[in-house]
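In: Sharing a sequence plus its predicted fold:
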Amino acid sequence: MHTSRSNLVSGLRVFIVEDEALVMMNLEAMLEDLGCVLAGSAMRPAQLEASIARGIDADVAILDVNLGGTLVFDYARALVDSGMRIVFATGYGRGGLPEEWRDRPILQKPYTEQEVAEGIAAALALAR
Amino acid sequence: MSIDYGRLFAALPSPHMVLDHNFNYVAVNPAYEAVVMRSGSELIGRNLFDLFPNEGEGGKRLRASFTRVFETGKQDTLAYIPYDIPRPEAQGGGMEQRFWTAVHTPLADENGAIAYLVQNTVDVTDIARLRQAASLPFASKAGETRLLERAREAEQQHQALLAESDEFRRLFQLAPGFFAVLSGPTHVFVFANDAYGKLVGNRPVIGQPVKEALPEVVEQGFVALLDAVYRTGKPAGGEAVRLMLQRGPEEAPKETYLDFSYDAIRNRDGEITGIFVQGMDRTEAVRTQQRQKLLLDELNHRVKNTLATVQSIASQTLRAIDDPVEAKTRFEARLRALSNAHNLLSEREWASTSLSTILSQELSIYESSRVAAKGPAVTLSPKTSIAIAMVVHELATNAAKHGALAGDDGSLRVDWQKRGDRLMLDWTERGGPPARPPERRGFGSRLIERVVNGELGGEIETRYDAAGFSCTIDVPNPEYEEQVL
């Protein structure tokens, strides 16, 4: 099942932000399959804010765009400013992203394990 | 002494000519020769319509007037008639635009029969050119009156012309689209129809320059745009253009969307004398479109999220259960729980639902004598409704498989209460087999923990007692009540 793409992301530390328990559990399982290390997660804006304040030790963050009505972009800015690579996950598609974020990798829900690997790899490539 | 009528005819300062029945020239005076740029020798004996062909409205009206005179023996007046004539080759050739007024008088012979008619015509082209917006039926009545005073006998025709003009005016006045005519380089309103009045909050605009009548549009670039159209003659406009416009007396400008066009009005020399403004107020249509787009985006978002949820249920269920038949049953039951929660929400147009509705729906498949659920009214957001429904489904499935609802005697009680800004929910199974902690944490317990701790920001305390399983779920108020999807 593991593609050469997934080997690229194996061992990477990934922080995930997702407001739906079921979707988050599935993403965690995918990352586990890809050999990634779960570096932490947040499901609500308050949690995410606290995590950012503490500092997140991860290579990549996967960010759900809509956190129970709160848009994630302010947090995305803070994360990017601190040097984090990010991948967006959303049900809205690329058109739902503000102009300044459209060049970022995006996972369109529902996404596959392969797409998650590609998204992470793209985020790393973009940062270099 | 006798008067030489031939010399008198020639001396008349105003253009005169005589036609026979066939519209052939019989006589012309020098004033006439000058005005049509032809000599008498070129005209006499020849047909007027051969020399000055005109297939248009002018030609038809002139012929009709001649015919009326010969048929009725009465004078006929053309108050205002456009009739282009050919320019002689020596003067560059081509056609020249002309406007005329003409009086046609019958000439009877000794027997009283009408043999000829005399035309007295005045070239009013210059006067016509003086009129602002000559190509439109919105010229001021003052200008028209001046023009028509020249043709003294034209009273009747004058009325007809005004009536025609008024007809146009009425048509434009009541048209659903907005129309306005602006005159001169400062864009003074000379006409604005009802729809235009409505658009600008029925402010008085006639006689005022745009920048004074509608001061709020200046900074939005519309006067500059009018200036450009006036300067270059290039039409301008746009579709669903957004602007802030005062829509009522003393009101603050409101967001308005317009389809509009500005077209230059030219006089007969091609000089720009004004601007014709027309368009449609599209504000309502644009708003509806925006609302629809929002709804569609939201629908798409929800569908995609729901698919992601279903994907997760499928993948987690298949991962955890090796027996395909068991996996299928569990998957379908979870899908059913999700679907039921959606049904409740769709019945309430995705506004909110109550905790007791979610509970009673999920627990309705069990004997009612063995299940009790009680508590105050608690409103749940759509997202929380689905999360809670899935938690209750997992707890109930466990109770039915291993707990109080597995045998014939046990019972389940669900109590909840608001405590300050928190919701406390007690799930208590009694009368079944003794509860034992599971050897490994399955999908159900991981989901419950994720929803309660992660999604709702609360805590869950589980107890595996000899009397049966019980747990307490404690979630903060804003997280379960105020949250929006």
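Out: Looks like it arrived, so ask away. Numbering: from 1, shown residues only, chains lettered A, B, ... in the order given.
In: tell me which element A:Ala121 is part of?
Out: With secondary structure defined by DSSP states H and E, A:Ala121 is part of helix A:113-127.
In: and that helix, what's its mean pLDDT?
Out: When pLDDT is averaged along helix A:113-127, the result is 90.
In: What are the contacting residues of that helix?
Out: For helix A:113-127, contacts defined as Cβ atoms under 8 Å, 6 or more residues apart in numbering or on different chains pick out A:3, A:5-6, A:8-9, A:12, A:14, A:27, A:30-31, A:33-34, A:36, A:59-60, A:62, A:85-87, A:103-108, A:111. Glycine gets a C-beta too; all of them are placed from N, C-alpha and C.
In: again, 6 Å this time
Out: A:Arg5, A:Ser6, A:Leu8, A:Val9, A:Met30, A:Asp33, A:Leu34, A:Val60, A:Arg85, A:Val87, A:Pro105, A:Leu107 (Cβ atoms under 6 Å, 6 or more residues apart in numbering or on different chains).
In: Tell me the residues on chain B that lie near chain A, please.
Out: Contacts of chain B with chain A, taken as Cβ under 6 Å from any Cβ of the partner chain, map to B:301, B:304-305, B:307-309, B:311-312, B:315, B:383, B:450-451, B:454-455, B:457, B:483-484.
In: I'd like to know which of those residues are buried.
Out: Buried members of these, counted by 16 or more other Cβ atoms under 10 Å in any protein chain shown: B:301, B:304-305, B:308-309, B:311-312, B:315, B:383, B:450-451, B:454-455, B:457, B:483.
In: low-scoring pLDDT stretches of chain B, where are they?
Out: B:1-3, B:127-168, B:171, B:350-351, B:477-485 (pLDDT under 70).
In: Spatially central residue for it, please.
Out: With the centre of chain B defined as its mean C-alpha position, the nearest residue by Cα atoms, centre = their mean is B:Arg282, 2.3 Å away.
In: On the three-state scheme, the closest residue to it other than its chain neighbours is what?
Out: With sequence-adjacent residues excluded and distances taken as Cβ to Cβ, 6 or more residues apart in numbering or on different chains, B:Arg282 is closest to B:Tyr257, at 4.6 Å. Classification of B:Tyr257 by DSSP: H, G, I helix; E, B strand; the rest coil places it in strand.
In: how about B:Tyr257, what does it touch?
Out: Counting by Cβ under 6 Å, 6+ apart, B:Tyr257 touches B:Ala240, B:Arg242, B:Arg282, B:Thr283, B:Val286.
In: Would you mind naming what in chain A lies close to chain B?
Out: A:21-23, A:25-26, A:43-44, A:68-69, A:91-92, A:109-110.
In: Report the buried members of those.
Out: Using 16+ other Cβ under 10 Å, the buried members of those are A:Ala21, A:Leu22, A:Val23, A:Met25, A:Asn26, A:Met43, A:Arg44, A:Gly68, A:Gly91, A:Tyr92, A:Lys109, A:Pro110.
In: doesn't B:Thr306 make contact with the third one?
Out: The reference is to A:Val23. No: the criterion here is Cβ atoms under 6 Å, and A:Val23 misses it with B:Thr306 at 10.0 Å.
In: Identify the bridge partners of the residue nearest to B:Arg282.
Out: B:Arg242 (DSSP bridges).
In: quick one on the thing from earlier: Throw the residues of chain A next to chain B into a markdown table and include distance to B:Ala10 and secondary structure, thanks.
Out: Shown next, in a markdown table, are the residues of chain A next to chain B (distance: Cβ to Cβ, whole Å; DSSP: H, G, I helix; E, B strand; the rest coil):
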| residue | distance to B:Ala10 | secondary structure |
| --- | --- | --- |
| A:Ala21 | 108 | helix |
| A:Leu22 | 107 | helix |
| A:Val23 | 103 | helix |
| A:Met25 | 110 | helix |
| A:Asn26 | 107 | helix |
| A:Met43 | 106 | coil |
| A:Arg44 | 105 | coil |
| A:Gly68 | 100 | coil |
| A:Gly69 | 95 | coil |
| A:Gly91 | 93 | coil |
| A:Tyr92 | 89 | coil |
| A:Lys109 | 97 | coil |
| A:Pro110 | 99 | coil |
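In: Strands along chain A, start to end?
Out: Using DSSP state E, the strands of chain A run over A:13-17, A:37-42, A:60-64, A:66-67, A:70-71, A:85-90, A:106-108.
In: So which of these is the most surrounded?
Out: Neighbour counts (mean count of other Cβ atoms under 10 Å in any protein chain shown) averaged over each of the strands of chain A peak at strand A:60-64, with a mean of 26.
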